[in-house]
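**Student:** model the following, please.
(one chain, ligands or ions: 2)
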Amino acid sequence: MNSEKYCLGCGVKLQDENVLGEGYTTSLDNDLCQRCFRIKNYGEYQTVTKSNDEYLEIIKGIGETKDLVLYIADLLNLEEDITKIRELIPNKMILVLNKKDVLPKSVKEEKIIEYFSNLDNPFDKVIVISSEKNYNIDYLLKQIKLYQTTNNVYVVGHTNAGKSTLINKLLKNYSTSDRELTMSPLPSTTLSTVKIDINEYLTLIDTPGLVDSESLVNYINEDEFKKISPRKEIKPKTFQVRKGQSIIVEDILRVDYIEGERNSLTFYMSNDLKIRRISNRHDNLKDLQKRSYDIGFNKDICINGLGFIKIVNKGTIDIYLDSKVSTYVRDNLI
Ligand SMILES: Nc1nc2c(ncn2[C@@H]2O[C@H](COP(=O)(O)OP(=O)(O)OP(=O)(O)O)[C@@H](O)[C@H]2O)c(=O)[nH]1
Ligand SMILES: [Mg+2]
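**Tutor:** Ligands and ions are numbered 1, 2, ... in the order given. Reported below is the predicted structural model:
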């Protein structure tokens, strides 16, 4: 039977007919679909392939309201076009930079905030948080109260940025409800919008994230996925390099320092990844797609899904990487 009942974990419409279909549950008396049930109880993950049509529909719908939007982004994997959302919807918007805990403690929050205040189309407010470590959540709630226009506040952002984790944290901290949204390390966990009443004055609306087809997470197996996703504070690895020297990250990325003065490359990536020098006589990973960057002083090369490399001096750098994974250069974030 098709019901009018929706999964409390991911928002999908529940059904008990097609075991392989989205929203399947053994009984319509259940509150969760089978996928959410398994994620929650057994930590078993099942990937769902999602198109972005629904995301765009939802965004359009949000744009027709006057409601406040929280745009959640993952500090280690910030999208190049972070203000694109501002072009899509005119709503008041707070940029919530999540997962502060994976960056080294020495990283100054003020510096990050300043970085984002200098954008062309700045957000109404920028806040750095860690949903998992409960960092700055009280402050975020205060800002929500300050900026909200109605009870409804939308939570949007790329898949895996931590939207559902944040809402669960707010639920846990500020409501008596024992509801919990489904969270998982894999992309496309939340499948549809889910309304969550935090209190009389605040209803958060969780949304499915934008799936970024150019992220490395789409092109690796489960073991590699675990390796690239940091769970702890990153210990950045710095290499002093001269031209002609090479560094590789597992069998994912090769970095060749081609031209320039002595330089310093610092890798902000999961501690579980093996990052090492290799002799430039070796052709490791040169079968991957090559990109050449002529970069100025104090730049980062960002590798979608993997993290970023902080570079001090100007020079020419070649990187070798899966052709489907996007990269970009920005001013040093930290
Ligand atoms: N280290 C760290 N990990 C976090 C934090 N917040 C969320 N995560 C992790 O990020 C992953 C994705 O979290 P979700 O809350 O499911 O992300 P989402 O944005 O709801 O993703 P979709 O529903 O797929 O759009 C999970 O593995 C979380 O544990 C944080 O503050 N720090
Ligand atoms: Mg979610």
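
**Student:** interface residues of the stretch 151-300 of the chain facing ligand 2?
**Tutor:** K163, S164, T189, T190 (Cβ under 5 Å from the ion). (Glycine included, C-beta is placed from N, CA and C.)

**Student:** which of these sit farthest apart?
**Tutor:** K163 and T189 (9.1 Å; Cβ to Cβ).

**Student:** tell me which of the two has more neighbours.
**Tutor:** Using other Cβ atoms under 10 Å as the criterion, K163 and T189 rank with K163 on top: 29 against 26.

**Student:** in this structure, where is pLDDT below threshold?
**Tutor:** 1-3 (pLDDT under 70).

**Student:** which parts of it are helices?
**Tutor:** Using DSSP state H, the helices of the chain run over residues 34-42, 53-63, 84-88, 109-117, 137-147, 163-174, 222-228.

**Student:** turn these into JSON lines, columns for distance to ligand 1.
**Tutor:** Shown next, in JSON lines, are the helices of the chain (distance: least, Cβ to the nearest ligand atom, whole Å):
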{"stretch": "helix 34-42", "distance to ligand 1": "9"}
{"stretch": "helix 53-63", "distance to ligand 1": "9"}
{"stretch": "helix 84-88", "distance to ligand 1": "14"}
{"stretch": "helix 109-117", "distance to ligand 1": "14"}
{"stretch": "helix 137-147", "distance to ligand 1": "10"}
{"stretch": "helix 163-174", "distance to ligand 1": "3"}
{"stretch": "helix 222-228", "distance to ligand 1": "10"}
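
**Student:** between these, which one is closest to E200.
**Tutor:** Of those, nearest to E200 by Cβ to Cβ is helix 163-174, at 11.3 Å.

**Student:** show me what counts as buried in the closest one.
**Tutor:** K163, S164, T165, L166, I167, N168, K169, L170, L171 (16 or more other Cβ atoms under 10 Å).

**Student:** nearest spatial neighbour of the spatially most central residue of the chain, skipping sequence neighbours?
**Tutor:** The chain has A161 as the residue nearest its centroid, 3.1 Å off, counting by Cα atoms, centre = their mean. Leaving aside its chain neighbours, A161 sits nearest to I72 (4.3 Å; criterion: Cβ to Cβ, 6 or more residues apart in numbering).
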